[in-house]
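Novice: next one to model:
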Amino acid sequence: MATVHIAIPVQDELEYLPACLDALRRQEGVRFVTWLCVNQPEAWQHEPDRRLVCEANQACLHLLAAVTDLDLRIIDRSSPGRGWPPKRSGVGHARKELMDAICAEAGPRDIIVSLDADTLTPPGYLRSLIVSFNRHPAACAIAARYYHPLTDDGAVTRAMLGYEIYMRFYALNLWRIGSPYSFTALGSAIALPVSVYRRVGGLTPRTSGEDFYFLQKLTKHGRVLHWTAAPVAPATRKSWRVPVGTGQAIVAACEGEYSDRYPLYAPELFDRISRTTAAFPELFAGPVETPLDEFLRDKISTDAPWQPLRDNHTTLDRFVRACHERLDGLRILQYLKAEYREAPTDDRATLVDWLDRYGCQFPGTETEASRARALLNERVLADLSISELDAIRRVLFQMEDRYRREDDLEG
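Specialist: Numbering: from 1, shown residues only. Here you go, the predicted structure:
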């Protein structure tokens, strides 16, 4: 059986790390090694306002050194003289260092599991990843299910629910139009074989967003799976460590900036994307105007965004694939943001419209969808209680699970 290698960046995680390790102790039926990179920039050693982070990292190292019942590999990028050099810091560099170190030791059939130190794994999670790869031996990665827990902090919990509703609504619309980029990028919910990591040239380090770009690279390489037996549970908390992601979104929401940064994009925008991708076979024969041509002309500075692909690809299949690689997850998100800036829409109206049009298409969730629709009757999301927001989050989770499960049953 393959060995699972868990890659966990650690920075100022003394509060959450023990629970993360305890959850790993409950994993059964799989051989696994846990790799942890305790990290920070070297310059922080000399910055008074970063002293507490440096001390917390040293405490994490002491905690890990005392663990005897887990197979740990510890990479120290936080002790004096070992921190990140200038222009080479952040979670992306920590993930890359971990995964590169794993590849130096692991076999090609072993599995890399990207996790965060504040994330809990359900019992059997690691085993379920191996089962999924065994069922789909050609798959190149898994973008696992996730579900943030509620907390006692009302403001933080409301912010998390708003952000998760945004993420699930975004993913549901990509699933609806059949986009290959219908993944939710969470660094705590990715797994891939070592052989695939080597073939794609590894992870490109970034200050933040490395999980999104890595999953996009993997999607262009091959099939990404989306189903796991149980979801991981990332912590619901504020975080200032990276400029994007759940923690920063919660900070923004608590500061009143949520709706501007994480809106619910209108279904019509996704329909335009769908009409564009549906035109790819026709584009192979010659120029055809698509709904996204104007955006692409501006973004890539050319009057004929598809012509180079026709010139370089002589078969329809390869041309269509190249079109999807041009209109990738990043371009889709850029388009949605650009259109929203030009004509902002109301989140409540957008969600009501979506539930009216598509809520009945998910067998088993009709009642919950109807209740979610009723909650929004003349009420904006900001006026809903935590329990009401959670009810909307749950029904979107169930709908997304339908897509994930159906994808898993294909091929």
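Novice: in the stretch 151-300 of the chain, which spans are helices?
Specialist: 154-176, 194-199, 210-221, 246-254, 258-261, 267-278, 280-285, 293-300 (DSSP state H, counting those that start in this stretch).
Novice: correction: the previous question concerned the stretch 301-411 of the chain.
Specialist: With DSSP H, counting those that start in this stretch as the criterion, the stretch 301-411 of the chain has helices spanning 307-312, 316-326, 329-342, 347-358, 366-375, 386-409.
Novice: relative to Arg145, which of those is closest?
Specialist: Of all these, helix 386-409 sits nearest to Arg145, with 6.6 Å by C-beta to C-beta. Backbone N, C-alpha and C define where each C-beta goes, glycine included.
Novice: pull the contacting residues for Arg88.
Specialist: Pro205 (C-beta atoms under 8 Å, 6 or more residues apart in numbering).
Novice: SS state for it?
Specialist: coil (DSSP: H, G, I helix; E, B strand; the rest coil).
Novice: for it, give me phi and psi.
Specialist: With angles defined as degrees, to the nearest 10, Arg88 sits at phi -140, psi 70.
Novice: now it: how far from Ala43?
Specialist: Distance of Arg88 to Ala43, given as C-beta to C-beta, to the nearest Å: 11 Å.
Novice: now do Arg50
Specialist: Remark: distance between Arg50 and Ala43 (C-beta to C-beta) = 8 Å.
Novice: what is the neighbour count of the residue lying closest to Thr365 once chain neighbours are set aside?
Specialist: Setting aside the residues directly before and after it, Thr365 is nearest to Gln398 in space (C-beta to C-beta, 6 or more residues apart in numbering), at 4.9 Å. By the criterion of other C-beta atoms under 10 Å, Gln398 has 15 neighbours.
Novice: isn't Gln398 up against Thr367?
Specialist: No: applying C-beta atoms under 8 Å as the test, Gln398 and Thr367 come out as separate, 10.8 Å apart.
Novice: show me how this protein divides into domains.
Specialist: Structural domains annotated on the chain: 3-146+184-231, 267-342, as defined by automatic domain parsing.
Novice: could you dump those domains to CSV with distance to Leu409 and mean pLDDT?
Specialist: Shown next, in CSV, are the domains of the chain (distance: least, C-beta to C-beta, whole Å; pLDDT from 0 to 100):
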stretch, distance to Leu409, mean pLDDT
domain 3-146+184-231, 9, 96
domain 267-342, 22, 95
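Novice: ok so, going back, residues touching the residue nearest to Thr365, list them.
Specialist: With C-beta under 8 Å, 6+ apart, Gln398 has these contacts: Phe362, Gly364, Thr365, Glu368.
Novice: now do 10 Å
Specialist: Going by C-beta atoms under 10 Å, 6 or more residues apart in numbering, Gln398 touches Arg168, Phe362, Gly364, Thr365, Glu368, Ala369.
Novice: what about the fifth one, distance to Phe169?
Specialist: As defined by C-beta to C-beta, Glu368 lies at a distance of 15 Å from Phe169.
Novice: which of the contacts of Gln398 sit farthest apart?
Specialist: Arg168 and Gly364 (16.7 Å).
Novice: which of these two has more residues huddled nearby?
Specialist: Arg168 (21 against 10).
Novice: ok, and the closest non-adjacent residue to that one?
Specialist: The nearest residue in space to Arg168 (C-beta to C-beta, 6+ apart) is Leu396, at 4.0 Å.
Novice: would you check that that neighbour makes contact with Tyr403?
Specialist: No: using C-beta atoms under 10 Å, Leu396 makes no contact with Tyr403, being 11.1 Å away.
Novice: between the two, which one's more packed in?
Specialist: For the pair Leu396 and Tyr403, the greater number of neighbours falls to Leu396 (25 against 18), based on other C-beta under 10 Å.
Novice: quick check, pLDDT for that one.
Specialist: On the pLDDT scale, Leu396 is placed at 97.
Novice: Thr365 too?
Specialist: For Thr365, pLDDT reads 88.
Novice: any figure for the gap between it and Val395?
Specialist: Thr365 sits 6 Å away from Val395, going by C-beta to C-beta.
Novice: pick out the residue nearest the middle of this protein.
Specialist: In the chain, the centroid-proximal residue (C-alpha atoms, centre = their mean) is Ala185; its distance is 1.2 Å.
Novice: next up, the contacts around Phe319.
Specialist: Phe319 neighbours (C-beta under 10 Å, 6+ apart): Phe280, Pro281, Leu283, Phe284, Ala285, Trp306, Leu309, Arg310, Asn312, His313.
Novice: hang on, I meant Arg50
Specialist: Arg50 is in contact with Asp12, Gln40, Pro41, Ala43, Trp44, counting by C-beta under 10 Å, 6+ apart.
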